[in-house]
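K.L.:
turn this into a structure:
(chains A and B)
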Number of protein chains: 2
Amino acid sequence: MKAEVALADEDFLYNQLADKLEKNILDGVLKTGEKLLSVRALSKEQGVSLSTAFKAYTQLEIKGLVEARPKSGYYVSRRTARSVPSTTTLEKRVPEEASVDDIVAMVYGNLNAEGLIRLSIAVPSAELLPVKKLSKTLSESIRESADACTGYESTQGNVSLRKQVAKYAFNWGGNVTEQDVVTTQGCMEALVFCLKAVAEPGDTIAIDTPTYFGIFNVMKSLGLKVLEIPAHPQDGISLEYLESAMERVPIKACLFVTNFTNPLGCTLPDEKKKQLVELLAAKEIPLIEDDIYGELYFGNVRPRTCKSFDKKGLVLLCSSVSKSLAPGYRVGWCIPGKFKDKVMHIKLMHTVSSATPNQAAVGRFFETGRYDLHMRNLRKTLHTQSLLYTRAISEYFPESTKVSQPKGGYVLWLELDPKIDAFELFKLGLKYNISISPGHIFSTDARFTNCIRICFGTPLNKEIEFALKTLGALAGDIIRKAG
Amino acid sequence: MKAEVALADEDFLYNQLADKLEKNILDGVLKTGEKLLSVRALSKEQGVSLSTAFKAYTQLEIKGLVEARPKSGYYVSRRTARSVPSTTTLEKRVPEEASVDDIVAMVYGNLNAEGLIRLSIAVPSAELLPVKKLSKTLSESIRESADACTGYESTQGNVSLRKQVAKYAFNWGGNVTEQDVVTTQGCMEALVFCLKAVAEPGDTIAIDTPTYFGIFNVMKSLGLKVLEIPAHPQDGISLEYLESAMERVPIKACLFVTNFTNPLGCTLPDEKKKQLVELLAAKEIPLIEDDIYGELYFGNVRPRTCKSFDKKGLVLLCSSVSKSLAPGYRVGWCIPGKFKDKVMHIKLMHTVSSATPNQAAVGRFFETGRYDLHMRNLRKTLHTQSLLYTRAISEYFPESTKVSQPKGGYVLWLELDPKIDAFELFKLGLKYNISISPGHIFSTDARFTNCIRICFGTPLNKEIEFALKTLGALAGDIIRKAG
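P.N.:
The predicted model follows:
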């Protein structure tokens, strides 16, 4: 038994322990204000490591169920538990003077300003990435096959990389071979090629909202119309809404993030994924599944994909290593089902082929097991950071703030007091050299103007902690001034 | 004086010598059938190297003015000079059963077949490329700045590469800085972004014909209409035709290859480039200038570009290193004039940014002078190959064959006897494991069905020589059978 416990994933243990404690608190077994066991005592009592006990308390702290008092220990909190942001609605607000494009330009325009604390950018900081090992792998690849690396890669893409992508598909319930995979220049190019493969200018594409702002521009650029499907912070898009929309609007295809959406951080449960695939398959509607965050799960199990329930080849899965390994390598792929030939034809037309050395290096990084090792570390680090950032936000932001509880990915979604205009907060933050993403840029209309996205891709340090404190104080100021 | 001669470019000397001899032959100073000086004697008499004397004779041989007789030497030819292909016309022929797409698929579908002699593919063979030096440069780049190479590059692109592109612009008469350059994933992506920046679906784009087949598919994919402007094998597109077309058709933009077109190999003379720019500027029509072959000149001087005559920012120059250094690195760029912001916005939407390590490596390869050295060698080699291939074609193909005389680039354009259907010749060639490009794929209609494109990117060897002999014999067979 002991060996089994030792082998069990730490994450699993602390979640289990936190759940047990949470139940006791909610059931009144542990009373408000009651002092809890010390971390050491809890670890001993439950037969878990100190780190597991600590993490369990931290999780409860984030939920507002327990509080840490300096030099004293943990107590059942007097505060009510913080709630997660409410379901997104389609209620429109009065648009701002600045257009979404203007705000995007402002947010991304001065990202390179010196000293700027970039809480707005959803990428892993270099310190979380195996930059040296990957560089070494790239050097190895080109040393071994310089000729091949200089020449054009086949349009479908590097076969070693495609094999690895197919192998990893097993983890999300996929059953694919290298023949099913087409490589691309990052996930964005994969999405563009897939959109072109399934739709013509003038067609309507359903997407989840709130969503990555870049999607709107791509849709416009491709002449496509967008229909936003509201998503719940816990379990993603509303299938009911989608179903009724399908009756009213001729939806040509869907483009959904299914795991750890950006910015909500929500994930479609397996059952819902299956239902979604069936719902669309009944009407032969293709689903472009953006799974770029899928590998960044905090739990024990890699979440499945819609693709894993796809029987008709109607799901086009897109992903990349930009969020997990090397944004700058621009290595992505898609598994386009029955649209494979069309996607390859589009790729041949638009970019001929993808860069050879980059694909070879990433393929090799997967193949040698270096990717697995790196991802185990990255997931743990991101999980811890999500907890640390959430703790700091809970501490410094006004009571009315609601914070998402993502189970993977890079981002927290904060629903602020309705009195707060996030664009105003963004502009105030800039004065303090802090960059955040106001909710305005995640929808086509002013639906999320009191929300902000905070990315935890850079490990929390004193500087960031202070930035969060400043933002919290600024948010409090705005509420007070609004009376 | 002697030092000056030694410093003078060999190419210049042999062209000068060949011109002198040609004049003597055409003036009758040297009579038909007359024996010429031996290579050694000519070299001595003219004070040039053996290689210069040899090249001068080879050039005259290609033009059909002299002939080499085994173990005897050079004689003024009895044959009439071979003429270059005639001006392309817009006369339509009866289309084949197979569509252009079908033929393209056939030509490019089995390129990886084992033992296939690829005369169809317009790329430098690996043996002409500095693969080891470039790999070393890439390794150096990522070793020096692994962090930066792993992260996202700015959307505009690697600044060191952009500086080098700006520096090289000086050679084609350009006056640009790194601020004017946007990097892309190869030239094709540059063309796509520029087309999207200047035109909307439904617009008409004028292109030169015959042209690279990929252009037609890209136009279709972007919803653009194509108007083909005929080109003369010597001096490129007909400005008269373009001018009169502009009066009849609302041309939104032009996309022309201006130096060493593919497949014709023609170059717009400077004066014509200037006229073209002025003609279009008068009507504010943007010109996308594909200059991908511009650095592959055989003469002494890098030809200018239309961009160098651009006063209004209406010329969008596109290029890459795919034909000169590393097809597989997918490093290209554009200098989009006043459309720069639009192009950058499109790039951000469609691919976020270009791969970092590749751009850094190519920038470094330029910066260290390695590119200059390589290009000097490549130009000489390609020039020699163009002569060797032309000699072989002259020897083995039927008398009626006309061959282009490109002054740069990779390809020869052969106008065969009107009785020959090039698609039939292509299919016959495949049986002998030889792949060529039939003229069918270089236009939207059956305008060039008796033409083929032969690429000389792989140095002529016995195998290729035999392949050309076989093709020539097959062409002869077709003529004989047609009676």
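K.L.:
I figured residue A:408 hits residue A:267, correct?
P.N.:
Yes - contact criterion C-beta atoms under 8 Å: residue A:408 and residue A:267 qualify, at 7.0 Å. In short, each C-beta sits where N, CA and C put it, glycine included.
K.L.:
overlap in contacts of the two?
P.N.:
A:259-260, A:303 (C-beta atoms under 8 Å, 6 or more residues apart in numbering or on different chains).
K.L.:
out of the residues you listed, grab the one that's most surrounded.
P.N.:
Using other C-beta atoms under 10 Å in any protein chain shown as the neighbour test, the shared contacts of residue A:408 and residue A:267 are led by residue A:259, with 28 neighbours.
K.L.:
now it: closest residue in space that isn't a chain neighbour?
P.N.:
Nearest non-adjacent residue to residue A:259, counting by C-beta to C-beta, 6 or more residues apart in numbering or on different chains: residue A:294, 4.4 Å away.
K.L.:
same question, residue A:424
P.N.:
Excluding the flanking residues, the one nearest residue A:424 by C-beta to C-beta, 6+ apart is residue A:478, at 6.4 Å.
K.L.:
now the host helix or strand of that neighbour: buried residues?
P.N.:
Here residue A:478 sits within helix A:462-482, counting by DSSP states H and E. For helix A:462-482, a neighbour-count test (16 or more other C-beta atoms under 10 Å in any protein chain shown) marks A:464-465, A:467-468, A:470-472, A:474-476, A:478-479 as buried.
K.L.:
just stretch A:133-144 next, same as before
P.N.:
Residues of stretch A:133-144 classed as buried: A:133-142 (neighbour count, 16+ other C-beta under 10 Å).
K.L.:
hmm, who's touching it?
P.N.:
Contacts for stretch A:133-144 (C-beta under 8 Å, 6+ apart): A:149, A:325-326, A:329, A:357-358, A:360-361, A:364-365, A:368, A:370, A:374, B:135, B:138-139, B:142-143, B:146, B:149-150, B:357.
K.L.:
in helices, which of those residues fall?
P.N.:
A:149, A:357-358, A:360-361, A:364-365, A:370, A:374, B:135, B:138-139, B:142-143, B:146, B:149-150, B:357 (DSSP state H).
K.L.:
which of those residues count as buried?
P.N.:
Buried, going by 16+ other C-beta under 10 Å: A:149, A:357-358, A:360-361, A:364-365, A:370, A:374, B:135, B:138-139, B:142, B:146, B:149-150, B:357, out of these.
K.L.:
list of residues touching the helix or strand where residue A:193 lies?
P.N.:
Counting by DSSP H and E, the element that carries residue A:193 is helix A:186-198. With contacts defined as C-beta under 8 Å, 6+ apart, helix A:186-198 is touched by A:182, A:184, A:205, A:214-215, A:218-219, A:222, A:224, A:252-253, A:255, A:286, A:288, A:290, A:292, A:316, A:318-320, A:322, A:330-334, A:336, A:339, A:342-343, A:346-347, A:350-351, B:221, B:349-352.
K.L.:
distance from the chain centre to it, please.
P.N.:
Centre-to-centre, helix A:186-198 and its host chain are 19 Å apart (C-alpha atoms, centre = their mean, to the nearest Å).
K.L.:
with stretch A:394-408 instead?
P.N.:
That offset, for stretch A:394-408, works out to 16 Å (C-alpha atoms, centre = their mean).
K.L.:
do stretch A:330-345 as well
P.N.:
The answer for stretch A:330-345 is 22 Å, by C-alpha atoms, centre = their mean.
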